[in-house]
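Trainee: I need the structure of the sequence given here:
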Amino acid sequence: MSDENELPKCPFCGGEASYTDTVGIGVTTNRYGLCSCADTQCLPEKIIFKVGKWRTRPIEDALRAENERLKAENADLSYRLMVHRRLSLP
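Mentor: Residues are numbered from 1 along each chain as shown. All right, here's what the predicted structure looks like:
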């Protein structure tokens with residue numbers, strides 16, 4: 001896989017992801033990839049996910065959004081405090 005398509009680390013142990021390019025044969029032939037943890041000591045090492053599922057991290061996405069919201073709120077409060085202090089000077 002190319003760098004722009006780099007897979008996130010294993011959500012279970014933080015190890016590297018293992019990618020396998022696969023061709024599915026059914027009504028149509030589909031090319032897709034499968035991911036798993038490359039660490040043989042990781043419990044779900046034998047569990048295989050489609051790439052889209054491996055990349056889906058709803059909890060991490062929600063935490064990142066909350067972190068950005070809190071950073072913006074912190075910046076706003078810091079600005080308000082600075083203004084308040086300047087206005088309160090004798």
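
Trainee: Residue 10: neighbour count?
Mentor: 20 (other CB atoms under 10 Å). (C-beta placed from N, C-alpha, C; glycine too.)

Trainee: Just to check, it is in contact with residue 40?
Mentor: No. With contact defined as CB atoms under 8 Å, residue 10 does not reach residue 40; the gap is 11.8 Å.

Trainee: Roughly how far does the closest residue to residue 17 other than its chain neighbours sit from residue 62?
Mentor: Leaving out its chain neighbours, the residue that sits closest to residue 17 by CB to CB, 6 or more residues apart in numbering is residue 7, at 3.9 Å. Using CB to CB, to the nearest Å, we find residue 7 at a distance of 20 Å from residue 62.

Trainee: Looking at those two, which one has more neighbours?
Mentor: Neighbour count, other CB under 10 Å: between residue 7 and residue 62, residue 7 has more, with 15 against 10.

Trainee: Three-state assignment for the more buried one, please.
Mentor: Three-state call for residue 7 (DSSP: H, G, I helix; E, B strand; the rest coil): coil.

Trainee: Kindly report the same for residue 35.
Mentor: Going by three-state DSSP: residue 35 is strand.

Trainee: Identify the residue nearest it in space, chain neighbours excluded?
Mentor: Nearest to residue 35 is residue 54, by CB to CB, 6+ apart, at 3.9 Å.

Trainee: wouldn't the residue nearest to residue 17 be in contact with residue 19 here?
Mentor: Yes. With contact defined as CB under 8 Å, residue 7 reaches residue 19; the gap is 6.1 Å.

Trainee: before we move on, the earlier item: in contact with the residue nearest to residue 17, which residues are there?
Mentor: 1, 17, 19, 35, 51, 54-55 (CB atoms under 8 Å, 6 or more residues apart in numbering).

Trainee: residues making contact with stretch 12-20?
Mentor: Residues contacting stretch 12-20 (CB under 8 Å, 6+ apart): 1, 7-10, 33-39, 41-44, 51, 54.
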